[in-house]
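*Asks:* I would like to see how this sequence folds:
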Amino acid sequence: MATRKEIEDAAAELSEPVAAQIAALRADMAELGAVVTRLGKERAAGLKAAAQRTASTGYAKGEEAVDVALAELQSLEDELAAATRRRPFASLGLAALLGFLVGVIFRR
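*Replies:* Numbering: from 1, shown residues only. Next comes the predicted model:
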């Protein structure tokens with residue numbers, strides 16, 4: 001029958017490689033965690049850059065649309081001014097008619 005000392009020595013012999021393997025596994029897990037963290041940060045940076053590019057493009061397109069709308073409004077204003085200069089009495093009659101219609105509508 002084995003003595004207590006022999007059992008403890010055998011257990012110590014077996015536990016040393018297991019402890020070394022556990023330490024190696026912990027180191028591998030820490031390295032894996034660092035790699036996953038780095039990949040996550042790189043992916044987040046890429047997504048942020050893509051979102052900024054998309055936002056910049058959208059902002060530029062919005063500004064372009066506003067510029068086009070303002071140009072169209074300016075063109076309509078110029079046409080209205082030109083028509084008023086060509087036919088001042090017709091423009092005055094049209095303005096009076098519109099004023100009368102607005103007054104009738106809002107009086108009720």
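
*Asks:* what is the longest helix of the protein by residue count?
*Replies:* Among the segments of the chain that qualify as a helix by DSSP state H, the longest is helix 4-86.

*Asks:* pLDDT on that helix, on average?
*Replies:* Per-residue pLDDT values over helix 4-86 give a mean of 90.

*Asks:* just how off-centre is the helix or strand just after that helix within its chain?
*Replies:* Counting by DSSP states H and E, the next helix or strand C-terminal to helix 4-86 is helix 88-107. Relative to the chain's own centre, helix 88-107 is displaced by 49 Å; criterion: CA atoms, centre = their mean, to the nearest Å.

*Asks:* what angle separates helix 88-107 from helix 4-86?
*Replies:* Taking axes from the mean of the first three to the mean of the last three CA atoms, to 10 degrees, helix 88-107 and helix 4-86 form an angle of 130 degrees between their directions.

*Asks:* just the C-alphas of helix 88-107, formatted as CSV.
*Replies:* Extracted C-alpha coordinates of helix 88-107, given in CSV (Å, rounded to 0.1, in the frame of the first residue of the first chain):
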residue,chain,number,x,y,z
PRO,A,88,-48.5,95.7,-65.3
PHE,A,89,-52.3,96.1,-65.5
ALA,A,90,-52.9,92.4,-65.9
SER,A,91,-50.6,91.7,-62.9
LEU,A,92,-52.4,94.3,-60.8
GLY,A,93,-55.8,92.8,-61.7
LEU,A,94,-54.5,89.3,-60.9
ALA,A,95,-53.2,90.5,-57.5
ALA,A,96,-56.5,92.1,-56.7
LEU,A,97,-58.4,89.0,-57.7
LEU,A,98,-56.2,86.8,-55.5
GLY,A,99,-56.5,89.2,-52.6
PHE,A,100,-60.3,89.2,-53.0
LEU,A,101,-60.4,85.4,-53.0
VAL,A,102,-58.2,85.1,-50.0
GLY,A,103,-60.4,87.6,-48.1
VAL,A,104,-63.5,85.6,-49.0
ILE,A,105,-62.0,82.3,-47.9
PHE,A,106,-60.7,83.6,-44.6
ARG,A,107,-63.8,85.6,-43.8
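
*Asks:* which elements pack onto it?
*Replies:* With contacts defined as 3 or more CB pairs under 8 Å, 6 or more residues apart in numbering; DSSP states H and E, helix 88-107 has no helix or strand neighbours. (Each C-beta comes from the backbone N, C-alpha and C, glycine too.)
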